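K.L.:
sequence unavailable; structure follows:
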DNA sequence: CCTTGACCTGGAGCGCACTCCAGGGTTTTC
DNA sequence: GAAAACCCTGGAGTGCGCTCCAGGTCAAGG
């Protein structure tokens, strides 16, 4: 089974080593396995989860929600709750996209207006 | 000429009174006119500018950039620079939308996967 | 007038999400 | 077996964008 050093996990996941430790402290990652000397060794599974975390962070999910989702993931019987959480998040993402788009349109109108002023 | 009290300006602009004062301190708003007693009176023009500020903030423009844009607006000869700033911002907004959309797609795949597991 | 509510200033405080640091121990490389 | 690179912990610090507060002053209704 492939494992990853902290530096490698950071490289692959796109999070800094400090952020990985921070996420672990916050309970977003379950405790990462250690060598006899105490150094972390990330598994493929950890990396897979980090990939989803990246997706959720990129779409603006707050740390607190991520933590809640991670806690739910510890219990097999919470599939429905997890899906509900993701769907709720999906709605918020859609809202952000909508706001961004309509404001972008206004922005472009403003630019067009400037252009008409002879810029 | 219609003018607005701080409370009215907040109501209309959608920013809190504290935020309006903060923006003025930061130089995002030019100094607002005052009554003899020192109370602010916002003009239609101020409200119009705040409307654009809202659009730019909603699309994630940082305060520092907004300040720069506001400073440029003081000089008539900077139209081109202002347009360049807005166009640059427009590109960043487009990027955000693109990221959000592609990550939303991944999110939806994840939800669909859960659904296939029988949720 | 006088009360009541809105507003003033300067500055402190806050929530979020990291990021950095000191002072160590561990692992790898030659 | 030593140097160099990497990693550990607990906790402090940072940057952003507000938000709140104390201790006043100002304005409008009765």
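P.N.:
Ah, there it is. None of these values were measured; they are calculated from a predicted model.

K.L.:
all the strands of chain A, in order from the start?
P.N.:
Taking DSSP state E to define them, one finds strands in chain A at A:3-4, A:42-43.

K.L.:
in space, what's closest to residue A:47 - neighbours in sequence excluded?
P.N.:
residue A:12 (5.7 Å; CB to CB, 6 or more residues apart in numbering or on different chains). C-beta here means a position set from N, CA and C on the backbone, and glycine is covered the same way.

K.L.:
and residue A:33, by the same measure?
P.N.:
Closest to residue A:33 by CB to CB, 6+ apart is residue A:41, at 5.1 Å.

K.L.:
OK, contacts around the one you found?
P.N.:
A:3-5, A:32-35 (CB atoms under 8 Å, 6 or more residues apart in numbering or on different chains).

K.L.:
about what we covered before: show me what contacts the residue nearest to residue A:47?
P.N.:
Contacts of residue A:12 (CB under 8 Å, 6+ apart): A:4, A:47, A:50.

K.L.:
got a winner among those for most neighbours?
P.N.:
Across the contacts of residue A:12, neighbour numbers were computed from other CB atoms under 10 Å in any protein chain shown; residue A:50 holds the maximum, 22 neighbours.

K.L.:
can you report how many residues lie near the closest residue to that one other than its chain neighbours?
P.N.:
The spatially closest residue to residue A:50, leaving aside those adjacent along the chain, is residue A:13, at 4.1 Å (CB to CB, 6+ apart). Other residues lying near residue A:13 total 21 when counted by other CB under 10 Å.

K.L.:
tell me which parts of chain A are close to chain B?
P.N.:
Residues of chain A lying near chain B by CB under 8 Å from any CB of the partner chain: A:52, A:55-56, A:58-59, A:79-80, A:82-83, A:86-87, A:89-90, A:93-94, A:96-97, A:99-101, A:103-104, A:106-108, A:110-111, A:114-115, A:117, A:119.

K.L.:
quick check on these: which are buried?
P.N.:
A:52, A:55-56, A:58-59, A:79, A:82-83, A:86, A:89-90, A:93, A:96-97, A:100, A:103-104, A:106-107, A:110-111, A:114 (16 or more other CB atoms under 10 Å in any protein chain shown).

K.L.:
from residue A:85, how far out is residue A:99?
P.N.:
Distance of residue A:99 to residue A:85, given as CB to CB, to the nearest Å: 21 Å.

K.L.:
tell me the residues of chain A that contact DNA strand D?
P.N.:
Within chain A, the positions adjacent to DNA strand D are A:5-8, A:17, A:21, A:34, A:38-40 by CB under 7 Å from any atom of the strand.

K.L.:
just the buried members of those residues?
P.N.:
Looks like the residues of chain A next to DNA strand D have A:6, A:40 buried, using 16+ other CB under 10 Å.
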